[in-house]
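Participant: my questions are about this predicted structure, shown below with the sequence.
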2 protein chains.
Amino acid sequence: MIKSELSPRLDYQSALEAVRRLIDETLLDTDELIQAMMQHLTLGTGKNLRAMLLLGSAMDEEGLVPQDAVIAGAAVEILHLATLVHDDIIDEADIRRGQASLQKKFGKKEAVICGDYLFCIAIAMVAEISNHYPEKLKEFTQAMTKICLGELRQFKHNSDTDLSVLNYLKIIAGKTSALFALAMYSGAIINGSSDKEARFMGRIGHNMGLAFQILDDCADYEADVVVTKKSVKHDLAEEVITLPLIFAFLKKPELKQRIRQQQLSVAEINEIIAEVVDVGGVSMAHDVAEKYYRKTKKMIDTLPNKHQRQLMGKILGRIWKVEN
Amino acid sequence: MIKSELSPRLDYQSALEAVRRLIDETLLDTDELIQAMMQHLTLGTGKNLRAMLLLGSAMDEEGLVPQDAVIAGAAVEILHLATLVHDDIIDEADIRRGQASLQKKFGKKEAVICGDYLFCIAIAMVAEISNHYPEKLKEFTQAMTKICLGELRQFKHNSDTDLSVLNYLKIIAGKTSALFALAMYSGAIINGSSDKEARFMGRIGHNMGLAFQILDDCADYEADVVVTKKSVKHDLAEEVITLPLIFAFLKKPELKQRIRQQQLSVAEINEIIAEVVDVGGVSMAHDVAEKYYRKTKKMIDTLPNKHQRQLMGKILGRIWKVEN
């Protein structure tokens, strides 16, 4: 804590820009061996939602953010990037953030190593600041372990038409919420909060992550199959079972048979999507997302720091409006 | 340092047994999702050479080892295991430590996640003790980054018949020596050595790693293609160019043409192996290994702690005799 209290504090917007610069600098300042892959990764820019949550959670009473939060924010985004690179191998995804995925452009084997490399540099950044927060590194590794298990759980339940709502929630709690929670928990610790306060922040992140992921899964059933930015493929084509589909199965169990077919054509996918919407699968999933949205909103409203209340409310609103 | 000085110390043999128990316990005490893979990994036991080096380097004047070294020793072995799991995906290896490789038995995608998971638990173990050694976590992440780059460098030079001796040494410095050096550096830090002393230990590890890897690469040209324990495949079949072959190219450049063929049959591989031995490629590579062996021996002989001198000399002798 000592050093971070002495180091200069930035306003939120400057801190976010500093995070973005640091990500690019870190990715590009690397061995020439891996430069082409790193350069490619800087082309597709994400929303940096996880860094925003971390910075917001690290804001003091005057709305200022310590320098350590910039490093931690970049680390959490690079860790996220590492998981995306390995996810794309597992999902055989061709597109990521509007660009060719790394595994598509450079090959699966290179992508395995590149993801490992990104993990390493994320951990190196954490190591840079971790001695200011002894005993806290554990939270970081626990979140990482959860993310791996979430990914594995999803993979194991691929094309499992009997996936329960509970198991679906377990999957997204791992693959999305764990990192949201880590970002908010870490921000609070960097801001000098007590462990209890930081855990409360972590729970806000957890619930926001659930709302975010459910909305994202709904979006896959609302958008045109071909134009979605994340991938030309649809969850259905990748055999990923998500909440709208689970609810549709409840209403129309005969859908399961059609999903179990080996290769679905684009026409069949579009048909199934229409039916999932028709039987109310998407709107039911939306209701669940709304439940988590409200829960998150309520928690945010209790935050004593008004800068945090405002910013978190804005981020949550953006998730809800943009994705909804 | 504080806690490790208060914690009980073990003799080397008990410490090594404790490391082996801790590895097994850590791999098996896991989510049921990943249990089958972890269980499979405990079947093929390695020599735990890296843990031995770490424990040896952590020995005090009475030959006793602090508890932290047991945790760090298990972490370094699990980190090594993580790299093997991902290596086997990249090399498409079917056999590892006498068992089916994880990617062969459970699939490539599962192996990607499992390797990530092993990385995470290794880092979690490091996190457990890292607050006793603030500022030192950086060495760990730097070594991990080197290992990734070594792996990538090897992959990029696959089937590169113009690979230079220098680039070969760079590859093995990354993929093998970095972890040997990390193990010995960390052991010394845990033993309370100065950074200068610890770096000297790291350099012993570096040189020993080079000797070890060159001997291992020679062994691939000395053993029967089918019976080698590491894999039914040979470096040649995996397009990995190693020192004996590089020296053989110098003596007989026309060998390059034959290597460049797409698929070598077992008969062709055996023919090439025989020629590599014939033209002196293996014996020249041995000479280089011996150079590093002697350099390592000389450095070990200067260690002031007689327990360390004896143990390190024994480990080095074992590498030299077993692999030679």
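Facilitator: Cool, got the structure.

Participant: what's the spacing between the one residue in the stretch 151-300 of chain A that gets nearest to chain B and A:I241?
Facilitator: At 4.8 Å from chain B, A:L152 is the closest residue in the stretch 151-300 of chain A, using CB to the nearest CB. Every C-beta, even on glycine, is put in place using the N, C-alpha and C of the backbone. A:L152 sits 15 Å away from A:I241, going by CB to CB, to the nearest Å.

Participant: just to revisit the earlier point, isn't the residue of the stretch 151-300 of chain A closest to chain B up against B:Y117?
Facilitator: Yes. The pair A:L152 and B:Y117 qualifies as a contact (CB atoms under 8 Å) at a distance of 7.5 Å.

Participant: what do these two both touch?
Facilitator: With CB atoms under 8 Å, 6 or more residues apart in numbering or on different chains applied, the overlap between the contact sets of A:L152 and B:Y117 consists of B:I34.

Participant: flag the shaky bits of chain A, pLDDT-wise.
Facilitator: Low-confidence segments of chain A, defined by pLDDT under 70, span residues A:1-7, A:224-233, A:262, A:322-324.

Participant: kindly report the residues of it close to chain B.
Facilitator: If contacts are counted using CB under 8 Å from any CB of the partner chain, the residues of chain A sitting beside chain B are A:31, A:33-34, A:86, A:89-90, A:108-110, A:112-117, A:119-121, A:123-124, A:127-128, A:130-131, A:134-135, A:137-138, A:140-142, A:144-145, A:148-149, A:151-153, A:155-156.

Participant: which among those end up buried?
Facilitator: Among the residues of chain A next to chain B, the ones that count as buried by 16 or more other CB atoms under 10 Å in any protein chain shown are A:33-34, A:86, A:89-90, A:108-110, A:112-117, A:119-121, A:123-124, A:127-128, A:130-131, A:137, A:140-141, A:144-145, A:148-149, A:151-153, A:155.

Participant: would you say A:E239 is within a helix?
Facilitator: No. Counting by DSSP: H, G, I helix; E, B strand; the rest coil, one finds A:E239 to be coil, located in no helix.

Participant: hmm, it is touching A:N158, no?
Facilitator: Yes. The pair formed by A:E239 and A:N158 meets the contact definition of CB under 8 Å, at 4.4 Å.

Participant: which one of the two has more residues nearby?
Facilitator: A:E239 (17 against 14; other CB atoms under 10 Å in any protein chain shown).

Participant: contacts for stretch A:314-324?
Facilitator: Around stretch A:314-324, the neighbours that count as contacts under CB under 8 Å, 6+ apart are A:49, A:52-53, A:56, A:208, A:211-212, A:215-216, A:218-219, A:286, A:289, A:293, A:296-297, A:300.

Participant: mind listing the strands for chain A?
Facilitator: When assigned using DSSP state E, the strands of chain A occupy the ranges A:9-11, A:64-66, A:95-96, A:99-100.

Participant: which elements pack onto the first one?
Facilitator: The elements that strand A:9-11 packs onto, with contact taken as 3 or more CB pairs under 8 Å, 6 or more residues apart in numbering or on different chains; DSSP states H and E, are strand A:64-66, helix A:67-91.

Participant: what's the answer for the last one, then?
Facilitator: Applying 3+ CB pairs under 8 Å, 6+ apart, one finds that strand A:99-100 contacts helix A:32-43.

Participant: quick one: the helix it packs on to helix A:67-91, angle?
Facilitator: Computed by axes from the mean of the first three to the mean of the last three CA atoms, to 10 degrees, the angle separating helix A:32-43 from helix A:67-91 equals 100 degrees.

Participant: show me what counts as buried in helix A:32-43.
Facilitator: Applying a neighbour-count criterion of 16+ other CB under 10 Å, one finds A:L33, A:I34, A:M37, A:M38, A:H40, A:L41 buried in helix A:32-43.

Participant: quick one, what contacts the residue minimising distance to the centre of chain A?
Facilitator: For chain A, the residue lying nearest the average C-alpha position, counting by CA atoms, centre = their mean, turns out to be A:T176 (4.5 Å). A:T176 sits next to A:G150, A:G209, A:L210, A:F212, A:Q213 when contact means CB under 8 Å, 6+ apart.

Participant: now the residue of the stretch 151-300 of chain A closest to chain B, nearest residue through space, not along the chain?
Facilitator: In space, A:L152 comes closest to B:I113 once its chain neighbours are excluded; the distance is 4.8 Å by CB to CB, 6 or more residues apart in numbering or on different chains.

Participant: do I have it right that the one you found meets A:E151?
Facilitator: Yes. In this structure, B:I113 is within contact of A:E151 by CB under 8 Å, at 5.4 Å.

Participant: okay, and the common contacts of the two?
Facilitator: Applying CB under 8 Å, 6+ apart, one finds that B:I113 and A:E151 are jointly contacted by A:H86, A:I90.
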